[in-house]
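> Fold the following.
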Amino acid sequence: MRLSFVVPAYNEERLLGATLDAIHASARDIGVSYEIVVANDASSDATPDIARTHGARVVDCAYRQIARVRNAGARAATGGVLIFVDADTIVSPAVVRASLAALDRGAVGGGATVHIDGSQPWWGPILLFVVVESMRVMRWAAGCYVFCTRAAFEASGGFDERLFVAEEIALSRALQRVGRVVILRERVLTSGRKMRTHSAWDLVRLASGLVRYGPSLLRNRDRLSLWYGERRHEPPSR
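Numbers count the residues shown, from 1 in each chain. Got it, this is the predicted structure:
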């Protein structure tokens, strides 16, 4: 069965190339038929050029909403298995192989264990442990790596386009109504740039907003600057 790797990207010229190289290496190692679709969400940098140079098909859109961008990539994809990989995430042959094995054993989709690259602030490992283990128990896939069959994706309704964040959790819950969802022990490595460029106070403000506005916060882009505000770049020396 053909694999479609769907990579949503907004101004990701710094990290996209390595992500695409890792996808190519993993798929070739396994020896499967595959494609890479980069859903370019109105990037103003060299993201689409880098995607094409690294062997991806580019689908242009202008949504600035991750759920809609992921869905746009899925609509353009041709494979029977969809693997959503964030533009700052490195996959391995082991995690792709384990994903396909899980589907062969009857799962309809799932996610992977997440590791963060580079240094982290003091609160980073604590937060990561709590989030990763909670999502494992709930069988919620982290957004940086989500896999499923196309049939299950369509039956679940895809990513909820009313949401600006937590769309991967909503999809995981929808997939659970279709069939079995698994969180793999195999790892993906994703960028820790948000942890390194934001403070604990940013998280406190986000948590306060969730208490104040409840789930409606997830549908308001203006209050979700951690994801939709101006990107904070790390020092070039990194």
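
> This protein: helices as residue ranges?
Here the chain has its helices, by DSSP state H, at 16-30, 47-53, 66-76, 93-104, 124-138, 150-156, 167-176, 193-197, 200-213, 225-228.

> Next, count neighbours for residue 55.
Neighbourhood size, residue 55 [other C-beta atoms under 10 Å]: 12. Every residue, glycine included, has its C-beta placed from N, CA and C.

> Residue 190 versus that one, what's the distance?
Remark: distance between residue 55 and residue 190 (C-beta to C-beta, to the nearest Å) = 21 Å.

> residue ranges with poor pLDDT in this protein?
232, 235-238 (pLDDT under 70).

> what residue is smack in the middle of it?
Nearest to the geometric centre of the chain sits residue 144, at 2.6 Å (C-alpha atoms, centre = their mean).

> hang on, that one packs against residue 86?
Yes. If you go by C-beta atoms under 8 Å, residue 144 and residue 86 touch, sitting 4.1 Å apart.

> Would you mind pulling up the elements that the longest strand seen in the chain packs against?
Identified as the longest strand of the chain according to DSSP state E is strand 181-190. In terms of contacts (3 or more C-beta pairs under 8 Å, 6 or more residues apart in numbering; DSSP states H and E), strand 181-190 is packed against strand 89-90, helix 93-104, strand 109-116.

> nearest to residue 212, of these?
Using C-beta to C-beta as the measure, strand 109-116 is the one of the helices and strands packed on strand 181-190 that comes nearest residue 212, at 28.1 Å.

> and residue 122, how far is that from residue 139?
According to C-beta to C-beta, residue 122 stands 29 Å off from residue 139.
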